[in-house]
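> After the sequence you'll find the predicted model.
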Amino acid sequence: MLTGAEEPRFVAQGDVHVRVWLGATAFDYRARVAAALNLIDDCRRKRWCAVELVRHSIEKHLPETRLPNERLYLDQRPRRTGA
């Protein structure tokens, strides 16, 4: 899980590897950085799943499947600070 102290490292352009855990099942996706950060923010507020950013993935080895409904997480809403 990404902590507040780690967030600035991922504020960049491009795609990242996002792993979403629902129960004991993991789903791996490619997503824009902004969408991944907004998904993590949403998960922190609602606690419906666990989300990981897989750091060892490089651009050419990211999952082929994009985050479902990724565009919904690309809005420019203000980010919350704190929990």
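Yep, it's here.

> Isn't Val16 up against Leu62?
Yes: the criterion here is Cβ atoms under 8 Å, and Val16 meets it with Leu62 at 7.5 Å. For the C-beta atoms, the positions are set from N, CA and C on the backbone; glycine is no exception.

> joint contacts of the two?
Listed contacts common to Val16 and Leu62 are Arg30; contacts here mean Cβ atoms under 8 Å, 6 or more residues apart in numbering.

> Spit out the contact partners of the nearest residue to Leu62 once chain neighbours are set aside.
Nearest residue to Leu62 in three dimensions, chain neighbours excluded: Arg30, at 4.5 Å (Cβ to Cβ, 6 or more residues apart in numbering). Residues in contact with Arg30, defined by Cβ under 8 Å, 6+ apart, are Asp15, Val16, His17, Val18, Leu62, Pro63, Glu64, Thr65, Arg66, Leu67.

> Run a quick neighbour tally on the last one.
What that stands for is Leu67. Per other Cβ atoms under 10 Å, the neighbour tally for Leu67 reads 23.

> what sits against it?
Val18, Tyr29, Arg30, Ala31, Ala35, Ala36, Leu39, Tyr73.
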